[in-house]
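**Student:** give me a model of this one.
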Amino acid sequence: MTGVLPSGVVLLTDRLVARGGLERVVAGAVAQGVRWVVLREKDLPRAERAALAVDLRAILADAGGTLVVAGPDPLGGDAVHLPAAGPYPPPALPLVGRSCHNEAELARLTTEHYATVSPVWPTKSKPGYGPPLNVAGLRSLVRASPVPLLALGGVETPDQVTACVEAGAAGVAVLGALMRAANPEETAHLLTSAFVEAATQKLAKSRHGHTEVPRSGLRPTVPTQGSSLTARSGHGRPQPQTATREKP
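**Tutor:** Sure, this is the predicted structure:
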């Protein structure tokens with residue numbers, strides 16, 4: 001089975017700002033191509049958080065999407081996203097991501113399969129958290145990273161999505177632009193469409209030798225209705241070590 005790693009538009013949850021309710025926002029985003037959701041909500045008791053994980057996996061299941069849980073406890077699944085501070089070493093799970101902010105933190109990665117880097121732009125969710133990397137900083141970290149990167153922080157527009165893809169990011173992680181959206185379906189459509197177009201163009205150029213392939217070597221993937229990593233059974237079984245790589 002070909003390994004699947006997060007790509008495209010990855011939705012980070014925040015039920016406290018989700019307009020119309022968290023499940024409504026997630027369902028609207030999934031309906032418009034989002035296939036990866038990171039469950040945060042760390043303030044909830046474990047039982048409530050686990051119940052929420054079940055509900056979100058059900059939303060993702062029919063689309064072949066995947067729920068990643070922030071923190072070392074996968075809550076019945078097998079995909080987690082860890083903070084930069086730890087734990088080290090990472091848990092032995094099929095899919096592990098980590099938050100990073102600079103080359104030093106990327107250099108600490110061992111068995112993680114992907115990482116987020118932030119903030120690319122100033123962010124309303126964490127004002128003052130920075131300084132922002134901007135596109136040049138993102139491009140530099142992509143080149144230095146041993147794993148595919150998701151761009152996080154202040155990604156709100158299609159143009160920003162395009163810029164992140166052109167800088168080499170495998171995808172963008174989005175919180176506020178979707179959680180606070182009056183129409184999450186429309187916003188998700190605009191962002192996912194921008195990713196698909198930018199990733200397709202970048203891949204076509206790389207095949208013709210016009211652009212540099214990121215050091216990770218992974219092809220950009222686009223959201224589809226099917227996926228080899230599915231939430232249908234409650235959790236997926238990715239095999240990141242076999243992820244499709246560009247031929248030299």
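**Student:** send me the helix or strand where Ser206 lies as CSV with only the CA atoms.
**Tutor:** For Ser206, the enclosing helix or strand under DSSP states H and E is helix 184-207. In CSV, the C-alpha atoms belonging to helix 184-207 read as follows (Å, rounded to 0.1, in the frame of the first residue of the first chain):
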residue,chain,number,x,y,z
PRO,A,184,-16.8,27.2,5.6
GLU,A,185,-17.8,25.3,2.4
GLU,A,186,-17.0,28.3,0.2
THR,A,187,-13.7,29.0,2.0
ALA,A,188,-12.6,25.4,1.8
HIS,A,189,-13.4,25.3,-1.9
LEU,A,190,-11.4,28.4,-2.6
LEU,A,191,-8.4,27.1,-0.6
THR,A,192,-8.4,23.5,-1.8
SER,A,193,-8.8,24.6,-5.4
ALA,A,194,-5.8,26.9,-5.1
PHE,A,195,-3.8,24.1,-3.7
VAL,A,196,-4.8,21.7,-6.5
GLU,A,197,-4.0,24.2,-9.2
ALA,A,198,-0.6,25.2,-7.7
ALA,A,199,0.5,21.6,-6.9
THR,A,200,-0.5,20.5,-10.4
GLN,A,201,1.5,23.3,-12.0
LYS,A,202,4.5,22.7,-9.8
LEU,A,203,4.5,19.0,-10.5
ALA,A,204,4.2,19.6,-14.3
LYS,A,205,7.2,22.0,-14.1
SER,A,206,9.3,19.7,-12.1
ARG,A,207,8.7,16.9,-14.6
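**Student:** surely Ser193 touches Thr162?
**Tutor:** No: the pair Ser193 and Thr162 does not pass the contact test of C-beta atoms under 8 Å, sitting 10.4 Å apart. (Each C-beta comes from the backbone N, C-alpha and C, glycine too.)
**Student:** and the worst-scoring helix or strand of the chain on mean pLDDT, what's buried?
**Tutor:** Every helix and strand of the chain was ranked by mean pLDDT, DSSP states H and E. The lowest is helix 184-207, at a mean of 95. Within helix 184-207, the residues that count as buried by 16 or more other C-beta atoms under 10 Å are 184-185, 187-196, 198-199, 202-203, 206.
**Student:** before we move on, the earlier item: so how far is the helix holding Ser206 off the chain centroid?
**Tutor:** Offset of helix 184-207 from its chain centre (C-alpha atoms, centre = their mean, to the nearest Å): 14 Å.
**Student:** what do you get for stretch 40-58?
**Tutor:** On C-alpha atoms, centre = their mean, the centre of stretch 40-58 falls 18 Å from the chain's centre.
**Student:** and if you look at stretch 80-91?
**Tutor:** The mean C-alpha position of stretch 80-91 is separated from the chain mean by 16 Å, C-alpha atoms, centre = their mean.
**Student:** what's the least confident helix or strand of the chain packed up against?
**Tutor:** When contacts are defined as 3 or more C-beta pairs under 8 Å, 6 or more residues apart in numbering; DSSP states H and E, helix 184-207 sits against strand 8-12, helix 22-31, helix 158-166, strand 171-174, helix 176-179.
**Student:** where's the residue lying closest to Leu12 once chain neighbours are set aside relative to Ala92, distance?
**Tutor:** Taking C-beta to C-beta, 6 or more residues apart in numbering, and ignoring the residues beside it in sequence, Leu12 has Leu175 as its nearest neighbour in space, at 4.1 Å. According to C-beta to C-beta, to the nearest Å, Leu175 stands 28 Å off from Ala92.
**Student:** repeat for Val117
**Tutor:** On the measure of C-beta to C-beta, Val117 and Ala92 end up 24 Å apart.
**Student:** when these two are compared, which one has more neighbours?
**Tutor:** The residue with more neighbours, out of Val117 and Ala92, is Val117; 28 against 7, by other C-beta atoms under 10 Å.
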